[in-house]
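Asks: whatever this is, show me its structure:
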Amino acid sequence: MTSDFLNAHHRHLRDADYLFSALHLANADHLYGMAAECGLKRLMIAFGMKLRRADGAPEGREDREHADKVWVRYETYQSGHVQGLQYGLPSSTPFGDWNASQRYAQEQCFDHLRVEQHRAAAHIVRDLVKNAERAGLV
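Replies: Next up is the predicted model:
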């Protein structure tokens, strides 16, 4: 099975929004991070990130990161691409307090404010992806 970062971005974001509206904050938070990661990786591909043929995963180990690190890694590709200037992110990562292993955490660890910050960031990525789709970049 090969990676489809664009499809994963859309479905993780859709499911995260559904869970957020139902106040299932822990799982919504996890999926907001995954949605942002997948959207940024799809843009990174458009900006030159290489993928492994066998499984579609990023070739470089430094590109196989989750939302907490890919936000910063994205800039490497975005800033080095002619069209990349149109796809910038806020400089500080809103996912600095997010980690994929938090999917094992107690639900009480997730408050509305924390998840709302990750939701807003995932929606920033969504807007970049939508713009790239309209431009035929992805």
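
Asks: looking at the chain, which helix or strand is least sure?
Replies: helix 67-78 (a mean of 93; mean pLDDT, DSSP states H and E).

Asks: any idea how far it is from the middle of the chain?
Replies: Distance of helix 67-78 from the chain centroid (C-alpha atoms, centre = their mean, to the nearest Å) equals 9 Å.

Asks: what sits closest to residue 86 if chain neighbours are left out?
Replies: Of all residues not flanking residue 86 in the chain, residue 131 sits nearest, at 7.1 Å (C-beta to C-beta, 6 or more residues apart in numbering). Every residue, glycine included, has its C-beta placed from N, CA and C.

Asks: for residue 110, see how far away the one you found is.
Replies: 30 Å (C-beta to C-beta, to the nearest Å).

Asks: same question for residue 1.
Replies: Taking C-beta to C-beta, one finds residue 1 at 30 Å from residue 110.

Asks: and what of residue 44?
Replies: 28 Å.

Asks: just to revisit the earlier point, which secondary structure elements does the next helix or strand after the least confident helix or strand of the chain sit against?
Replies: Per DSSP states H and E, the first helix or strand lying C-terminal to helix 67-78 is helix 112-134. On a contact count with 3 or more C-beta pairs under 8 Å, 6 or more residues apart in numbering; DSSP states H and E, helix 112-134 meets helix 5-21, helix 25-46.

Asks: let me see the contact set for the residue nearest the centre of the chain.
Replies: Nearest to the centroid of the C-alpha atoms of the chain, with distances taken as C-alpha atoms, centre = their mean, sits residue 36, at 1.6 Å. The contact partners of residue 36, taken as C-beta atoms under 8 Å, 6 or more residues apart in numbering, are 67, 70-71, 95, 118, 121-122, 125.

Asks: can you name the two of those residues that sit furthest apart?
Replies: The two members of those with the most space between them (C-beta to C-beta) are 70 and 118, at 13.4 Å.

Asks: before I go, just wanted to say thanks for your time.
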